[in-house]
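Visitor: Here is a sequence together with a model predicted from it:
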Amino acid sequence: MKLRLPKLTAAVLAWRCRRYRRLIWLSVDGALDARQRIPLKAHLPRCARCRSESEELRFACQQISLLQLPRDVPIEFPLWLKAQATAHAPARDGFARPRWAVAVTMAVLSLAGALTWHLRRPTNADWAVTRLAGAPAVGTAAITKHGQIGVGDWLETDGASRALIRVGKIGHVEIEPGSRLQLLAARADDHRLSLVKGRLHAVIVAPPRLFFIETPSAVAIDYGCAYTLEVDESGASLLQVTAGWVSLKALDPIAGHPVGRESLAPAGAVCRALPGKGPGTPFFPDASEKFRQALDRLDFGDGGREALTVILAEARKRDSLTLFHLLPRATEVERPRVYDRLAAFVPPPAGLTRADVLQPGNADKLDTWREQIEFVGVGGNPADLPRATGTLRPTGTLNAARHSHSATLLTDGRVLIAGGAERDRGPLNSSEIYDPETGQFTPAGRLTAGRAGHTATLLQDGRVLLAGGGWHGLASAELYDPAANTFRAVGNLSVPRVSHQATLLPDGSVLITGGQRDNGHKLASAELYDPATQSFSPVGSMHTPRIDHTATLLNTGQVLIVGGGSRGDLGDAPVAGVELYDPAKKIFVPAGALSIPRYKHAAALLPDGRVIVLGGTGVRLWEDRRASAEIYDPVTGKFAPTGSLNTARYKIRDAVLLLPNGKILVAGGGARLELFDPATGIFSAVSGGVGAARQYATATLLPDGEVLIVGGYLNSLPNLTADVSAWLYRP
């Protein structure tokens with residue numbers, strides 16, 4: 001009986017803690033009555049776990065409160081905004097996601113987010129509804145104190161009612177009187193409401209693009225911020241951002257996904273949207289009345305040249321943000337006028353020409369200028385913007401345009417570039433060698449098969465193993481011999497694979513994990529390549545099928561398997577789960593989970609043995625690109641959030657690496673490079689750029705410390721093709 005007593009006691013204590021943790025959340029919301037406060041007050045001094053959670057939660061909520069969310073929105077719908085427009089505003093090109101935000105504001109958000117993101121909340125607290133005033137109702141049930149809202153449920157407040165909704169584990173939304181909204185989705189990677197009418201205030205502390213509010217005129221996409229959103233009887237929306245950034249984007253009425261024109265509003269800015277026309281141009285509310293009225297005519301009416309003339313004449317330096325948004329949607333004739341006025345306020349950075357700005361589809365080249373303009377909008381001096389160190393310069397030109405290729409540093413310091421594809425054309429069987437001494441690429445031998453999305457691993461004997469790939473998955477593999485400059489076939493994989501991973505283990509063997517086979521199925525299987533026999537053999541299976549995942553060799557000799565897509569033609573079920581491969585036992589074991597699912601992301605080993613995981617995407621590919629990052633600690637086996645990228649990126653797994661100075665270089669998925677400093681947890685942009693966002697590019701650390709960046713396909717319309725250029729980054 002004595003042997004069972006500790007288990008019984010532990011169970012009782014766990015039950016008691018569950019009860020008190022629920023009371024902790026109610027106490028933070030100020031919803032405990034005097035009778036409930038007595039047992040909680042007595043329990044906290046005796047329970048270190050509950051006491052710690054209570055203190056952390058109260059501190060996080062205190063930080064959120066520092067954002068000073070306004071009770072009343074200072075900008076109401078004026079009469080001149082009520083008029084229904086009769087003509088569509090000119091179409092606009094898409095913009096990249098925000099790269100910078102006000103340092104102090106985002107520091108508060110990051111601090112609060114770091115404290116709240118991993119708090120272990122009771123399940124029934126997610127999407128809880130608290131009555132603040134009057135008689136709010138979920139469906140037909142009135143909320144007297146606390147309630148719950150489920151997917152599909154409607155919440156309504158009359159003229160005297162207010163309510164507070166807990167948004168999963170990432171924030172709160174306060175609902176004002178006279179509002180009606182519906183909960184559309186409540187997943188870890190998609191928290192989604194629909195506001196049909198009324199006003200709400202949102203405070204979200206989480207990675208970007210996890211919280212969405214749909215309205216009849218646009219969808220508001222959160223980037224870690226606080227804002228007010230109002231919808232009037234006509235369905236028109238008014239957004240005011242208090243902290244961080246919010247995107248307003250037109251919503252496809254059939255598919256329900258954001259499409260087309262988009263406006264990014266920073267802290268202090270206002271943006272409108274009308275049904276059938278989508279979002280207008282963001283502006284600061286202290287702009288002149290003439291400026292705002294002309295902007296409204298240009299966005300939603302037939303203002304045309306006359307309205308633009310007024311806007312340019314009335315613009316102040318702070319209105320540079322609005323002018324920058326007008327650049328891509330101005331006509332070819334009017335665009336130079338907008339550029340001249342904008343350049344007079346904020347001169348473009350060195351290297352950015354007038355022709356670059358005026359040419360349509362060059363949005364990626366404007367990143368540096370856009371960052372300066374955003375800084376000016378909040379009263380900053382562009383010269384004070386943080387910049388990463390290092391220089392970037394072009395080097396030789398590839399003999400063939402490539403993306404999804406491999407780049408392998410050979411033992412003599414040269415780099416083997418193999419396979420790949422030129423956008424949608426078939427996989428290449430050509431290869432070439434980059435020589436750092438000459439800065440040139442020269443053709444090398446022919447592969448035995450065309451490969452793209454394959455793996456290339458430098459073996460301990462100096463040869464390179466190329467495995468799988470192809471458009472739909474190959475089972476073949478081959479060895480490249482640098483001395484003979486030839487490729488020859490070796491044993492086949494057990495199944496065809498593409499978009500898999502290969503990891504060189506300490507004993508010289510190569511672990512092959514996951515990928516997609518030729519019939520489209522995602523693979524959980526794994527196999528080992530033995531250099532002695534030049535053959536592959538099965539080695540168990542992962543717990544989850546994965547494609548476009550990462551596999552990082554830890555200092556312990558284990559391999560950390562992170563994320564990936566698990567099913568569908570495009571891997572459309574991103575994975576949050578993590579596994580560890582134990583080479584001694586040759587088994588895979590579950591090892592926790594990411595904060596959000598990711599695939600087409602990147603991972604890199606930090607100098608202290610931890611692993612940073614960054615970027616990637618979710619279900620909607622381009623629309624769901626991630627800017628967030630998190631760090632895995634092999635000692636605790638847990639992930640913790642860190643700073644976010646300045647640019648959301650995906651298709652970057654071979655373009656992120658550790659530099660000799662201990663920082664992480666991010667060289668793909670964007671026009672500019674970024675550096676992550678583990679000491680500060682901050683990503684900083686490198687001056688200059690590589691022309692356009694490059695998907696499936698490669699980055700290779702050379703013996704002299706420089707980094708060779710090669711190929712990728714460009715993401716600037718109309719040039720959705722692979723690139724022949726290459727660049728060198730020197731830290």
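Guide: Yep, that arrived.
Visitor: Enumerate every residue touching the residue nearest to Ser430 when sequence neighbours are not counted.
Guide: Excluding its sequence neighbours, the residue lying closest to Ser430 (Cβ to Cβ, 6 or more residues apart in numbering) is Ala400, at 5.6 Å. Yep, even glycine has a C-beta here, placed from its N, CA and C like the rest. Each residue near Ala400 by Cβ atoms under 8 Å, 6 or more residues apart in numbering is listed here: Gly420, Glu422, Leu428, Ser430, Glu432, Val724.
Visitor: these two touch, right, the third one and Ser406?
Guide: No: between Leu428 and Ser406 there is no contact, the gap being 11.1 Å when judged by Cβ atoms under 8 Å.
Visitor: Return every residue with contacts to both of those two.
Guide: The contact lists of Leu428 and Ser406 share Gly419, Gly420, where a contact means Cβ under 8 Å, 6+ apart.
Visitor: quick one: which of the two has more around it?
Guide: Ser406 (26 against 22; other Cβ atoms under 10 Å).
Visitor: Can you name the helix or strand that the closest residue to the more buried one other than its chain neighbours falls in?
Guide: Once flanking residues are discounted, Ser406 sits nearest to Ala456: 3.5 Å by Cβ to Cβ, 6+ apart. Secondary structure from DSSP states H and E places Ala456 in strand 455-458.
Visitor: On the C-terminal side of that strand, identify the next helix or strand.
Guide: strand 464-467.
Visitor: That following strand pairs with which strands?
Guide: Strand 464-467 pairs in its sheet with strand 455-458 (antiparallel), strand 477-481 (antiparallel), by DSSP bridges.
Visitor: neighbouring contacts of the first one?
Guide: What that stands for is strand 455-458. 406-411, 416, 418, 464-469, 500-504, 510, 512.
Visitor: go on, the last one?
Guide: When contacts are defined by Cβ under 8 Å, 6+ apart, strand 477-481 is touched by residues 416, 418, 431, 445, 447-449, 463-468, 486-493, 529, 534, 536.
Visitor: Can you list the low-confidence ranges for the stretch 251-400 of the chain?
Guide: Applying pLDDT under 70 to the stretch 251-400 of the chain flags residues 252-260, 361-365, 367-368, 375, 377-387.
Visitor: what do you get if the cut-off is 90, keeping everything else the same?
Guide: 251-268, 276-278, 301-305, 318, 327-332, 346-392 (pLDDT under 90).
Visitor: got it, and the stretch 401-550 of the chain?
Guide: Scanning the stretch 401-550 of the chain with the threshold set as pLDDT under 90 gives 422-426, 471-472, 518-520, 540.
Visitor: Now with 50, please.
Guide: Along the stretch 401-550 of the chain, segments meeting pLDDT under 50 are nowhere present.
Visitor: for the residue nearest the centre of the chain, which residues make a bridge with it?
Guide: Nearest residue to the geometric centre of the chain (Cα atoms, centre = their mean): Arg626, 1.1 Å. Note on Arg626: beta-bridge partners Arg649, judged by DSSP bridges.
Visitor: How about Ala163?
Guide: Beta-bridge partners, per DSSP bridges, of Ala163: Arg131, Ile175.
Visitor: Wait, it touches Ala135, no?
Guide: No: applying Cβ under 8 Å, one finds Ala163 not in contact with Ala135, separated by 9.7 Å.
Visitor: what's the overlap in contacts for those two?
Guide: Ile143.
Visitor: In what element of secondary structure is Lys41 found?
Guide: helix 34-43.
Visitor: Check the burial of the residue nearest to Ser406 by counting its neighbours.
Guide: Ala456: 23 neighbours (other Cβ under 10 Å).
Visitor: ok, it to Ala273 distance?
Guide: 48 Å (Cβ to Cβ, to the nearest Å).
Visitor: Kindly report the same for Ala344.
Guide: The value you get for Ala344 to Ala273, if Cβ to Cβ is used, is 30 Å.
Visitor: Check Ala667 too.
Guide: Where Ala273 is concerned, Ala667 sits at a distance of 36 Å (Cβ to Cβ).
Visitor: circling back to that earlier point, among the contacts of strand 455-458, which ones are buried?
Guide: 406-410, 416, 418, 464-469, 500-504, 510, 512 (16 or more other Cβ atoms under 10 Å).
Visitor: Show me these that map onto helices.
Guide: The subset of the buried ones among the contacts of strand 455-458 located in helices under the criterion DSSP state H is empty.
Visitor: Excluding chain neighbours, give the residue nearest to Arg354 in space.
Guide: Nearest non-adjacent residue to Arg354 (Cβ to Cβ, 6+ apart): Tyr339, at 6.7 Å.
Visitor: Please look at that neighbour and Leu358 and confirm they touch.
Guide: Yes: with contacts counted by Cβ under 8 Å, Tyr339 reaches Leu358, the gap being 6.2 Å.
Visitor: between those two, which one's more packed in?
Guide: In this view Tyr339 and Leu358 are compared by other Cβ under 10 Å, and Tyr339 has more residues nearby, 19 against 15.
Visitor: and that one, that one's in a helix?
Guide: Yes: membership of Tyr339 in a helix is supported by DSSP: H, G, I helix; E, B strand; the rest coil.
Visitor: who's in contact with it?
Guide: So Tyr339 contacts Leu327, Arg354, Val357, Leu358 (Cβ under 8 Å, 6+ apart).
Visitor: what does His500 give?
Guide: Thr455, Ala467, Gly468, Ile512, Thr513, Gly514, Gly515, Gln516, Leu523, Ile547.
Visitor: do you know how far the second one is from Val490?
Guide: The one in question is Ala467. In terms of Cβ to Cβ, Ala467 sits 9 Å off from Val490.
Visitor: The last one too?
Guide: With distances taken as Cβ to Cβ, Ile547 is found 24 Å from Val490.
Visitor: Okay, now the unreliable bits of the stretch 601-731 of the chain?
Guide: Using pLDDT under 50, the stretch 601-731 of the chain drops low at 716-719.
Visitor: please redo it, this time with the cut-off set to 80
Guide: 619-624, 671, 687-693, 714-721 (pLDDT under 80).
Visitor: quick one: buried residues of stretch 158-168?
Guide: So, applying 16+ other Cβ under 10 Å, buried residues of stretch 158-168: Ser161, Arg162, Ala163, Leu164, Ile165, Arg166, Val167, Gly168.
Visitor: my bad, should have said stretch 470-480
Guide: Under 16+ other Cβ under 10 Å, the buried positions of stretch 470-480 are Gly470, Trp471, Gly473, Leu474, Ala475, Ser476, Ala477, Glu478, Leu479, Tyr480.
Visitor: Ok, stretch 651-668 next?
Guide: 651-659, 663-668.
Visitor: and of the strands paired with strand 464-467, who's closest to Asp222?
Guide: strand 455-458 (36.4 Å; Cβ to Cβ).
Visitor: Please compute how far the closest one lies from its chain's middle.
Guide: Between the centre of strand 455-458 and the centre of its chain there are 28 Å (Cα atoms, centre = their mean, to the nearest Å).
Visitor: Torsion angles phi and psi at the residue lying closest to Gln460 once chain neighbours are set aside?
Guide: Among residues not flanking Gln460 along the chain, Gly508 sits closest, at 4.6 Å (Cβ to Cβ, 6+ apart). Per-residue torsions, Gly508: phi 90, psi -10 (degrees, to the nearest 10).
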